[in-house]
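Novice: Quick one, fold the following:
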Amino acid sequence: MTLHRRSSEERAERAAAVPAPDTLTPADRYAELFAAVQGARVFADSKTFVDCAPRIDPAAILAAYRAQRDRADFDLPAFVDAHFEVLQPTPSDYVSVPGQPIADHIDDLWRVLTREPLDHPPRGSLLQVPHAYVVPGGRFGELYYWDSYFTMLGLSASGKAGLLHDMVGNFAHLIDTYGHVPNGTRTYYLTRSQPPLFAFMVELAEQLDDVDGIDFLRQLKREHAWWMSGSDALESDRTSQTGAANRRVVRLPDGALLNRYWDERDTPREEAWLEDVTTAKAAEAQGRDASEVYRHLRAAAESGWDFSSRWLTEPLQCDADAAVKGGAADAASLAGICTTDIVPVDLNALLYKLESVIATVSARAGDAVGASDFAHRASVRKAAVVKWLWDDAQGAFFDHDWRLGRRRSCLTAAGISTLFAGLADPAQVEAMAATVSRRLLAPGGLSTTACTSDQQWDQPNGWAALQWMAIQGFAHYGEMALARTIAHRWLATVAAVYEREGKLVEKYTLRQQEHDASAGGGGGEYPLQDGFGWTNGVTRALLAAHPAHTANDCVSNAPVPKHR
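Specialist: A predicted model of the protein is given here:
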């Protein structure tokens with residue numbers, strides 16, 4: 001039996017040998033010490049402290065803090081330095097050799113970005129997993145859920161099938177252990193997930209011919225059950241004119257069940273504690289409850305789109321033409337966040353795919369009843385997505401505000417997830433192609449939204465994951481010209497920054513005019529990160545799929561750049 005065909009029991013045995021994390025999250029464990037460190041911004045990045053490794057028993061650290069904190073000479077930064085080890089990568093890890101071709105740079109980076117679980121520090125926040133894994137890079141030194149699928153695309157193109165299969169095994173183990181895939185492999189991420197792409201991972205591994213999806217059928221079903229948890233409580237309640245919700249499930253007025261993003265906690269995110277507290281204070285000044293705001297912020301983090309005008313309150317009327325022009329988002333502040341009020345198109349498209357894959361794999365496994373059940377679930381979900389999220393007049397899928405009982409107004413690239421998941425009909429794809437070409441396609445690639453704001457998941461930023469979903473989605477339905485255009489423009493964007501700076505980054509500012517220069521993206525809660533896992537993966541896969549593109553010949557720190 002090869003490594004990637006190990007059973008759940010064998011994966012659990014391997015994971016148990018990994019140094020165990022603290023049984024509590026940093027906020028729960030360190031209590032007032034945690035609040036003091038984050039509130040005083042001992043570290044410039046709120047994520048640094050929650051990723052630190054304690055030098056002694058965590059309970060002893062808290063006891064020492066309580067005994068010393070009231071002394072006149074108490075020095076909080078010195079106390080933290082004495083009791084915690086800061087674990088951060090050095091930026092130089094992500095700088096290429098001058099003159100190095102971009103594909104070679106990405107291939108070299110897999111080693112830099114690969115982590116061995118046996119190297120985890122004990123009693124920290126890193127979760128136990130059985131196999132090696134690839135991290136995004138920069139401040140993100142753990143395994144992330146939806147990032148990893150796009151990273152795996154590059155591993156496949158680089159001939160690293162073994163590491164790809166190890167990653168799939170890690171996610172299967174996480175589902176076995178926690179019932180879902182956490183946002184990331186840290187204790188403070190356990191109360192939420194990310195866009196569910198495990199089914200896509202299994203399919204990708206199957207394409208390499210030595211993995212059978214049947215081996216992961218139990219995990220696929222368990223992940224689906226986790227997303228649908230709470231639906232039973234909504235079965236009998238159809239009295240609302242706009243709908244009702246419980247955890248991640250929303251019952252719409254016609255009885256249809258769809259899903260939303262959610263988090264089990266209504267406290268500040270531990271990795272962004274000070275930022276969330278600041279946002280909540282601004283919201284309280286507007287009459288909002290802080291716990292409600294924290295829940296919305298956490299739910300947006302589950303979406304992977306943290307943050308975007310997608311999750312902010314909208315005016316009662318939206319001028320579609322203004323959105324086309326990329327006018328500033330009406331709700332410029334996160335104090336207006338309302339994530340859990342929204343039925344997101346991408347989440348429901350990905351759950352449609354999950355249900356479809358479970359139906360297909362169940363049939364192959366000889367479970368006709370299970371295959372029929374999940375095929376029906378997928379069909380019902382598709383009908384509900386089309387009814388509630390498709391706008392025929394605008395030729396696109398939109399999110400839906402179930403509390404207000406109306407579609408959201410801002411066009412976003414999340415709608416292309418319906419193509420990526422195979423949910424859209426040909427007529428919808430044709431309309432989507434026209435809409436995307438007119439409203440989201442920029443000279444630098446696919447825009448994230450038609451709304452410009454200071455949030456990182458808005459125009460003018462572009463993200464590798466969305467480029468790939470659009471490229472694959474349009475190609476799947478035969479819209480080859482548009483798929484090729486997006487791929488070629490995105491490759492030129494990544495190549496331009498690589499030629500100038502010798503690195504790949506988390507996100508990019510897309511050129512809006514042909515003569516503009518490509519650049520790394522802006523906005524968000526932290527500086528632009530180098531590395532970068534999913535950019536590397538998508539770029540490596542696209543370079544292999546488009547061998548004639550000039551990006552294949554670009555080199556780091558080029559004396560004569562070929563791209564803008």
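Novice: mind checking pLDDT for the spatially most distant residue from the centre of the chain?
Specialist: Centroid-distance maximum for the chain: Ala72 at 44.8 Å, with Cα atoms, centre = their mean. Note on Ala72: pLDDT of 98.
Novice: That one sits in which helix or strand?
Specialist: According to DSSP states H and E, Ala72 maps onto no helix or strand at all.
Novice: what's near enough to touch it?
Specialist: Listed by Cβ atoms under 8 Å, 6 or more residues apart in numbering, Ala72 has no contact partners. For every residue, glycine as well, the C-beta is placed using N, CA and C.
Novice: ditto for the one 5 residues further on
Specialist: Going by Cβ under 8 Å, 6+ apart, Pro77 touches Val42.
Novice: Next: Gln88.
Specialist: By Cβ under 8 Å, 6+ apart, Gln88 lies in contact with Thr48, Asp51, Arg139, Gly141.
Novice: how about it, secondary structure?
Specialist: Three-state call for Gln88 (DSSP: H, G, I helix; E, B strand; the rest coil): coil.
Novice: And it, how far from Ile56?
Specialist: 20 Å (Cβ to Cβ, to the nearest Å).
Novice: Disregarding flanking residues, what is the spatial nearest neighbour of Glu100?
Specialist: Careful, residue 100 is Gln and not Glu. Nearest residue to Gln100 in three dimensions, chain neighbours excluded: Ser556, at 4.8 Å (Cβ to Cβ, 6 or more residues apart in numbering).
Novice: Can you get me a residue count around that neighbour?
Specialist: 20 (other Cβ atoms under 10 Å).
Novice: hang on, it packs against Asp104?
Specialist: No. Assessed by Cβ atoms under 8 Å, Ser556 is found out of contact with Asp104, at 9.3 Å.
Novice: State the next helix or strand along the chain beyond the least confident helix or strand in the chain by mean pLDDT.
Specialist: The helix or strand of the chain with the poorest confidence is helix 320-324; it has a mean of 39 (mean pLDDT, DSSP states H and E). The first helix or strand that comes after helix 320-324 along the chain, using DSSP H and E, is strand 342-343.
Novice: Contacts for that next one, please.
Specialist: Against strand 342-343 from outside (Cβ under 8 Å, 6+ apart): 250, 252, 258-261, 310-311, 388-389, 399-402, 408.
Novice: Sort out which one of the residues you listed lies nearest Glu499 for me.
Specialist: Taking Cβ to Cβ as the measure, Glu499 lies nearest Arg310 of the contacts of strand 342-343, at 32.5 Å.
Novice: Report how many residues lie close to Arg11.
Specialist: By the measure other Cβ under 10 Å, the count of residues near Arg11 is 21.
Novice: still on that earlier bit, contacts only, for the residue nearest to Gln100.
Specialist: With contacts defined as Cβ under 8 Å, 6+ apart, Ser556 is in contact with Ser96, Val97, Pro98, Gly99, Gln100, Ile102, His105, Tyr498, Glu499, Gly502.
Novice: make it 6 Å
Specialist: Ser556 makes contacts with Ser96, Pro98, Gln100, Gly502, as judged by Cβ atoms under 6 Å, 6 or more residues apart in numbering.
Novice: before we move on, back to that, can you redo the contacts of Gln88 as CSV with neighbour count, pLDDT and distance to Arg66?
Specialist: CSV is the format used below for the contacts of Gln88 (neighbours: other Cβ atoms under 10 Å; pLDDT from 0 to 100; distance: Cβ to Cβ, whole Å):
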residue, neighbour count, pLDDT, distance to Arg66
Thr48, 18, 97, 23
Asp51, 24, 98, 23
Arg139, 17, 94, 30
Gly141, 19, 96, 30
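Novice: Where does Met291 sit: helix, strand or coil?
Specialist: Actually, residue 291 is Ser. It isn't Met. Recorded secondary structure, Ser291: helix (three-state DSSP).
Novice: Please determine how far Phe420 is located from Ser303.
Specialist: Here Phe420 is placed at a distance of 16 Å from Ser303 (Cβ to Cβ).
Novice: Check Leu155 too.
Specialist: In terms of Cβ to Cβ, Leu155 sits 25 Å off from Ser303.
Novice: got it, and Thr279?
Specialist: Separation of Thr279 from Ser303 (Cβ to Cβ): 16 Å.
Novice: phi, psi of Leu190?
Specialist: phi -70, psi -20 (degrees, to the nearest 10).
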